[in-house]
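>>> below is the sequence, then the predicted model.
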Amino acid sequence: MPAARSRHLPSAVGSEHGTPELPAVRIRGYNLEVRDEEGFVGDRASQTAFRALVEDWRRRYRSKGRQDPFGRRPSSRLGKKRLDAALEGDTATPAADLVRGAIEEFALELTQVIQRFMRQKAWRGVQRIVIGGGFPESQVGECAILQAAALCQVADIPVELARLRHEVDDGGLIGWVHLAPPAVVEHAEALLAVDIGGTNVRCGIVKLRRGKAADLSRAKVVRRCKWRHADDAPSRTALVARLAAMLQRLIDWAARKRLRLAPFVGIACPGLIRADGTIARGAQNLPGDWSSEHFHLPTALRDQLPVIGGHATQVLMHNDAVVQGLSELPFMCDVKRWAVLTIGTGLGNASFLNKGRRRPAAT
């Protein structure tokens, strides 16, 4: 990892952004970029790639003089509900045939991506892959994941595919309970977390609930807000300002509920995060240039946030797939090596190595 850039002020005392080491787990790698002659392998297993497959099936269908069952709307703008509706019922329809064809192709692409990833050093020996992101939340996505799991078995790929236990909007927030500096959250009941994606921004209050589970397996998002920024196409500056406003509303809500918030915000976002909180690469789906050496999101956001509980707010950043994967940490105790794939606008990835000996996973 490149050395920290000292000109940026530390945003979390005693911690570094994008850390690879935690007490219970080592982050073996994330934002893995595997290439072949056609480009990045992971690009073929994203929601964007699935929509392109649907569009291709529709084009071939129309080329035979048939009427497109989805009309003129581009596949990139077909909602999940519209695609899921095509699979309802037992009767075969043109729409169902097109969607099922795209599902089968996507499942094969995902299987091949998994094969390629597992040949990489950081992924060798992975026993379980948790599938997260927005795609598996739909019926179409679930069908594709089930088919990919079956194809992995047929191909003798020694890995189990599992679904994220939390709602997709929560996984990228809950993971921060395992990343936040203990000294910052030890006297708090909850923390603020942010998940910035290529389409949506999610903010939430994560209650630690230590009394229910010391391993934080019962941590829960008790308040959330979401903004589909892709519809508004904001500038980078406008996105940061809107993000600060969303967090302020959550802080006000916590004050009304007398909920003790930690003076901390965890930010999950795409890309390779340097130790100083700059983004090395991989944030191309976000508005503006997030990899600019003149842009430091933790500082830009911290400067707009109030003091919480008499302490200046600290901000820490990590990769979104890492954070979403860590929401599953208490449930991965029965395996040594595991990974996460987040299927959203792009394909996020991270792999982990548990440091302790295996024990039954939390339930």
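Ah, there it is.
>>> can you verify residue 199 is assigned to a strand?
No: assigned with DSSP: H, G, I helix; E, B strand; the rest coil, residue 199 falls outside any strand and is coil.
>>> spatially nearest residue to it, not counting backbone neighbours?
Excluding the flanking residues, the one nearest residue 199 by C-beta to C-beta, 6 or more residues apart in numbering is residue 230, at 4.4 Å. From N, CA and C alone the C-beta is placed, and that goes for glycine too.
>>> run a quick neighbour tally on the one you found.
Residues within reach of residue 230, counting by other C-beta atoms under 10 Å, total 15.
>>> contacting residues for it?
Contacts here follow C-beta atoms under 8 Å, 6 or more residues apart in numbering; on that basis residue 230 touches 198-200.
>>> just checking, what's the longest helix in the protein?
helix 94-117 (DSSP state H).
>>> quick check: domain ranges of this structure?
Domain segmentation of the chain under automatic domain parsing yields 35-161, 167-326.
>>> start to end distance for the longest one?
Read it as domain 167-326. For domain 167-326, the first-to-last residue distance is 14 Å (C-alpha to C-alpha, to the nearest Å).
>>> can you select the buried ones from the contacts of residue 230 in ChimeraX?
Buried subset of those, written as a ChimeraX selection, criterion 16 or more other C-beta atoms under 10 Å:
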select :198,200
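>>> can you give me the helices for the stretch 1-150 of the chain?
With DSSP state H, counting those that start in this stretch as the criterion, the stretch 1-150 of the chain has helices at 47-62, 80-85, 94-117, 139-154.
>>> who does the lowest-mean-pLDDT helix or strand in the chain pair up with?
None of the helices or strands of the chain scores lower by mean pLDDT, DSSP states H and E than strand 39-40, at a mean of 76. Note on strand 39-40: by DSSP bridges, its sheet partners are strand 35-36 (antiparallel).
>>> for the partner strand, which outside residues touch it?
By C-beta under 8 Å, 6+ apart, the surrounding residues in contact with strand 35-36 are 41, 116.
>>> try 7 Å this time
With contacts defined as C-beta atoms under 7 Å, 6 or more residues apart in numbering, strand 35-36 is touched by residue 41.
>>> and that strand, how far out from the chain middle?
Relative to the mean C-alpha coordinate of its chain, strand 35-36 is positioned 23 Å out (C-alpha atoms, centre = their mean, to the nearest Å).
>>> before we move on, back to that, any idea which of the helices of the stretch 1-150 of the chain gets closest to residue 252?
Residue 252 lies closest, by C-beta to C-beta, to one member of the helices of the stretch 1-150 of the chain: helix 80-85, at 32.0 Å.
>>> tell me the pLDDT of the nearest residue to residue 269 once chain neighbours are set aside.
Nearest non-adjacent residue to residue 269, counting by C-beta to C-beta, 6+ apart: residue 196, 4.2 Å away. The per-residue pLDDT reported for residue 196 equals 91.
>>> next: the one 5 residues further on.
In this model, residue 201 is scored at 92, pLDDT.
>>> same question for residue 127.
pLDDT recorded at residue 127 is 97.
>>> go on, the one 4 residues further on?
With respect to pLDDT, residue 131 scores 96.
>>> I'd like to know how far it sits from residue 137.
Using C-beta to C-beta, to the nearest Å, we find residue 131 at a distance of 10 Å from residue 137.
>>> quick one: end-to-end distance for stretch 305-315.
Start-to-end span of stretch 305-315 (C-alpha to C-alpha) is 10 Å.
>>> what's it in contact with?
11-13, 184, 244, 247, 251, 260-261, 263-265, 267, 298, 301-302.
>>> what about it, distance to the chain center?
26 Å.
>>> now do the buried residues in that stretch.
For stretch 305-315, the neighbour count (16+ other C-beta under 10 Å) marks 305, 308, 313-315 as buried.
>>> so which of those comes closest to residue 124?
Nearest to residue 124 out of the buried residues of stretch 305-315 is residue 315 (C-beta to C-beta; 34.0 Å).
>>> is that closest one in a helix, a strand, or coil?
Here residue 315 takes the strand state, with states given by three-state DSSP.
>>> what about the closest residue to it other than its chain neighbours, neighbour count?
Nearest residue to residue 315 in three dimensions, chain neighbours excluded: residue 298, at 4.0 Å (C-beta to C-beta, 6+ apart). The local packing of residue 298 (other C-beta under 10 Å) involves 23 other residues.
>>> quick check: residue 298 vs residue 102, distance?
For residue 298 relative to residue 102 (C-beta to C-beta), the value is 39 Å.
>>> returning to what we had before: could you dump the contacts of residue 230 into TSV and include distance to residue 218?
Formatted as TSV, those follow (distance: C-beta to C-beta, whole Å):
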residue	distance to residue 218
198	30
199	29
200	26
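>>> residue ranges in the stretch 1-150 of the chain under the pLDDT threshold?
Residues of the stretch 1-150 of the chain meeting the criterion pLDDT under 70: 1-14.
>>> surely residue 239 touches residue 232?
No: using C-beta atoms under 7 Å, residue 239 is not in contact with residue 232, being 9.0 Å away.
>>> more crowded one of those two?
A count of neighbours by other C-beta under 10 Å puts residue 239 above the other of residue 239 and residue 232, at 21 against 11.
>>> am I right that that one falls within a strand?
No: going by three-state DSSP, the assignment for residue 239 is helix, not a strand.
>>> noted, bye for now.
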